[in-house]
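Colleague: one predicted model, sequence on top.
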Amino acid sequence: MKTSNAGGAVIDQPKLRQAVKPALDKTPASKPAAKQSKIYIDGKFYSEADAKVSVFDHGLLYGDGIFEGIRFYNGRVFRLEEHLERLWDSARSICLHVPMSQRAMGEALLETIRQNNLRNGYIRLIVTRGVGNLGLNPELCKTPSVIIITAQIALYPEPVYKNGLSLVTCATRRTNPSALNPAVKSLNYLNNVMARIEANQANADEGLMLNDEGNVAECTADNVFIIKRGQIFTPPITAGALRGITRSVVFEIAAETGIKVIEADITRHDVFVADEAFLTGTAAEIIPLVKADGRPIGTGKPGPITARMISRFREITRETGTPIYS
Ligand SMILES: Cc1ncc(COP(=O)(O)O)c(C=O)c1O
């Protein structure tokens, strides 16, 4: 088994409030008065109807750009610092110069939540390569665009956290890191979308993606954990997994509770014979997995270690994070 360590960064709590001016709301008075969110694009706020990017933006033309999905709970942004660090790592990997400091980005994100007057929700933070021509040369895209969208989401209904998810193994393999490293959270998610289509066609809740060696990489939008004889296993990042922020919280909770987490190559067989399994992701949080390719995992019901993980994770999300309205 190949093993390595995962670490967690410390949260900084930026207090700086920088004025970000809302753009003029040009929504015609005749439009229906649905509650619209305000969307940040390059330093200004727009209504949903007016939040537009150029058709020449390489984010649209080539999926050339990066993003983060971030949650905020109870008036605090969860693991803001780690998400910004990962965004910057993605940017460095694809030679994209983010046109603002991490601190200013953090403040723009907090201000977007304030503009939308939310205390709980989800943020999509996007940096596109910017406007170029129809050729793919990124050097011709002079200014990357920063977009911040807030949403109120609950990906899965509460009963799913009690009853668990099913998955199928997808024929679509996770992108080989030598072609496009899955550690980069890029705007090009077609690999994941293809796998998601397979999961949908099989009527499963999620799709398990293997790497070129046939080992488990991750799911279409979540990291994978299995539990066997009291130990927790998860694929290493080198297997083609995103360095999930929720994944790193699982490492922290496990350390607190004295359970060992081992980063190791995992096969489908390991998933089939696991005592328990769960998935992690910012949107899904920690969610039990109870069926894989038609086989019940363990008892076919969420197990005790998974339940403990979920309840501790909920405590942590309630109690920690960068204050939005301080
Ligand atoms: C492909 C993929 N893997 C794993 C994850 C989970 O990462 P995180 O916990 O940082 O949301 C995500 C979601 O961001 C994802 O898109």
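Modeller: That came in fine, so what should we check first? Numbering: from 1, shown residues only.
Colleague: which SSE is immediately downstream of the least confident helix or strand in the chain by mean pLDDT?
Modeller: Least confident helix or strand, the chain: helix 158-163 with a mean of 90, by mean pLDDT, DSSP states H and E. Toward the C-terminus, helix 158-163 is succeeded by strand 165-169 as the next helix or strand (DSSP states H and E).
Colleague: and the ligand, is that following strand touching that?
Modeller: No: Strand 165-169 stays clear of the ligand (CB under 6 Å from any ligand atom), getting no nearer than 13.6 Å. Just so you know, the C-beta spots here come from the backbone N, C-alpha and C atoms, and that holds for glycine as well.
Colleague: tilt between whichever helix or strand comes after that strand and strand 165-169?
Modeller: Per DSSP H and E, strand 165-169 leads on to helix 190-201 as the next helix or strand towards the C-terminus. When axes from the mean of the first three to the mean of the last three CA atoms, to 10 degrees is applied, the directions of helix 190-201 and strand 165-169 differ by 110 degrees.
Colleague: show me what helix 190-201 is packed against.
Modeller: strand 165-169, strand 206-210 (3 or more CB pairs under 8 Å, 6 or more residues apart in numbering; DSSP states H and E).
Colleague: of all those, which one is nearest residue 200?
Modeller: Across these, residue 200 has its closest neighbour in strand 206-210 (8.5 Å, CB to CB).
Colleague: average pLDDT for the helix or strand following that closest one, rounded please.
Modeller: Next along the chain after strand 206-210, taking DSSP H and E as the criterion, comes strand 216-219. For strand 216-219, the mean pLDDT works out to 98.
Colleague: which residues are contacting the following helix or strand past strand 216-219?
Modeller: Using DSSP H and E, the helix or strand that follows strand 216-219 towards the C-terminus is strand 223-228. Residues outside strand 223-228 that contact it (CB atoms under 8 Å, 6 or more residues apart in numbering): 208, 216, 218, 232-235, 241-242, 244, 246-247, 250, 261, 266, 270-271, 273-281, 289, 303, 305-306.
Colleague: ok, strand 223-228 near the ligand or not?
Modeller: Yes: counting by CB under 6 Å from any ligand atom, the ligand is contacted by strand 223-228 at residue 223.
Colleague: within its sheet, name the partner strands of that strand and how each one runs.
Modeller: Sheet partners assigned to strand 223-228 using DSSP bridges are listed as strand 231-234 (antiparallel), strand 276-281 (antiparallel).
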